[in-house]
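**Q** Sequence and predicted structure are below.
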Amino acid sequence: MMDVKEIREYLPHRYPFLLVDRVLELNPGESIVAIKNVTVNEPFFNGHFPDHPVMPGVLIVEAMAQAAGILGFKTMDKKPQDGSIYYFVGADKLRFKRPVVPGDQLRLEASVQSEKRGIWKFDVKATVDGDMVSSATILCADRKV
């Protein structure tokens, strides 16, 4: 539904911090399904951990937040170039169930829980091959740049 070229219109992130490769499904105001292909060439694997590469949990959370950010921008029909940005402001009920390693395809799902005065709450989860990797409730703030 969205390739990386269109994703870059909705997220201000760039390499090596753009963590969404494709959007598979998008229902503005409701939900999104996106993917992140995890390769051994990711820069963080050089130090985390060289002999047993594991994707850092904070980057899994960031990938879920980026998917939620796309959903928020599309819902409001805004783009960063319009002078709006989403800041990650919190996570509740964060859990990790299994490691993510090179070769995995991370499926990122987010759904809108609520929005009040520019603060968005999303239910998010990440899976690999149907197995739960991580889940959380995250908060993002829509602010003017």
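**A** Nice, thanks for sending it over. Numbering: from 1, shown residues only.
**Q** What are the buried residues along stretch 79-87?
**A** Buried residues in stretch 79-87, counted by 16 or more other Cβ atoms under 10 Å: 80, 84-86. Every residue, glycine included, has its C-beta placed from N, CA and C.
**Q** From the opening residue of it to its closing one, how far?
**A** In stretch 79-87, first residue to last residue: 14 Å (Cα to Cα, to the nearest Å).
**Q** Now do that stretch: distance to the chain's middle.
**A** 16 Å (Cα atoms, centre = their mean, to the nearest Å).
**Q** Also stretch 124-132?
**A** 13 Å.
**Q** Can you name the residues in contact with it?
**A** Here stretch 124-132 makes contact (Cβ atoms under 8 Å, 6 or more residues apart in numbering) with 60, 63-65, 67-68, 97-98, 100, 104-111, 133-138.
**Q** is Asn37 in a bridge, and if so with what?
**A** Going by DSSP bridges, Asn37 is paired in beta bridges with Gln105.
**Q** SS state for the residue nearest to Glu6 when sequence neighbours are not counted?
**A** Closest residue to Glu6 apart from its sequence neighbours, by Cβ to Cβ, 6 or more residues apart in numbering: Val23 at 7.9 Å. Put simply, Val23 is strand when judged by DSSP: H, G, I helix; E, B strand; the rest coil.
**Q** Can you get me a residue count around Val23?
**A** Counted with other Cβ atoms under 10 Å, the neighbours of Val23 add up to 22.
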